[in-house]
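Asker: sequence and predicted model, in that order:
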Amino acid sequence: MRTILVYRARAMPVQPLSETPVGRKVRLVAIHGGRELTRRLLSLGLSIGTEVEVLHHRGRAVVVGNAGNRVALGAGMADKVQAEALD
């Protein structure tokens, strides 16, 4: 497994998307997974630095919105994507 991190200019608390409250706007800062997960997220329009809003939770699965699009991530994927709050 590989972890991809991006430089963060300020120290903000980071948490998995699966633990982010509904309505919170966040920036994706890390992906704790391999090449396949990274490619899958990229194909869904999600990459390091992308800003999204958490729209819905179903258990640990999550629905995020970005630029008018909605993307559903299962619990496994949502646990591996780290985000920092923008609020």
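Answerer: Yep, it's here. Numbers count the residues shown, from 1 in each chain.
Asker: what about the strands in this structure?
Answerer: Under the criterion DSSP state E, the chain contains strands at 3-5, 14-16, 25-32, 51-58, 61-66, 69-73, 81-85.
Asker: kindly export the third one (C-alpha atoms) in CSV.
Answerer: Read it as strand 25-32. C-alpha atoms of strand 25-32 as CSV (Å, rounded to 0.1, in the frame of the first residue of the first chain):
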residue,chain,number,x,y,z
LYS,A,25,-16.6,21.4,3.1
VAL,A,26,-13.2,19.8,3.0
ARG,A,27,-10.0,19.5,0.9
LEU,A,28,-8.7,16.1,0.1
VAL,A,29,-5.1,15.9,1.4
ALA,A,30,-4.1,12.2,1.4
ILE,A,31,-5.0,8.9,-0.1
HIS,A,32,-3.9,5.9,1.9
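Asker: make JSON lines out of the strands of the chain and add mean pLDDT and mean neighbour count.
Answerer: (C-beta placed from N, C-alpha, C; glycine too.) Rendered in JSON lines, the data for these read as follows (pLDDT from 0 to 100; neighbours: other C-beta atoms under 10 Å):
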{"stretch": "strand 3-5", "mean pLDDT": "56", "mean neighbour count": "13"}
{"stretch": "strand 14-16", "mean pLDDT": "94", "mean neighbour count": "16"}
{"stretch": "strand 25-32", "mean pLDDT": "94", "mean neighbour count": "19"}
{"stretch": "strand 51-58", "mean pLDDT": "95", "mean neighbour count": "16"}
{"stretch": "strand 61-66", "mean pLDDT": "95", "mean neighbour count": "19"}
{"stretch": "strand 69-73", "mean pLDDT": "95", "mean neighbour count": "15"}
{"stretch": "strand 81-85", "mean pLDDT": "95", "mean neighbour count": "21"}
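Asker: can you say which of those is nearest to Ser43?
Answerer: Of all these, the one in closest proximity to Ser43, counting by C-beta to C-beta, is strand 69-73 (10.2 Å).
Asker: distance to Leu41 added to the strands of the chain, as TSV?
Answerer: Putting the strands of the chain into TSV (distance: least, C-beta to C-beta, whole Å) gives the following:
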stretch	distance to Leu41
strand 3-5	10
strand 14-16	14
strand 25-32	6
strand 51-58	11
strand 61-66	11
strand 69-73	8
strand 81-85	7
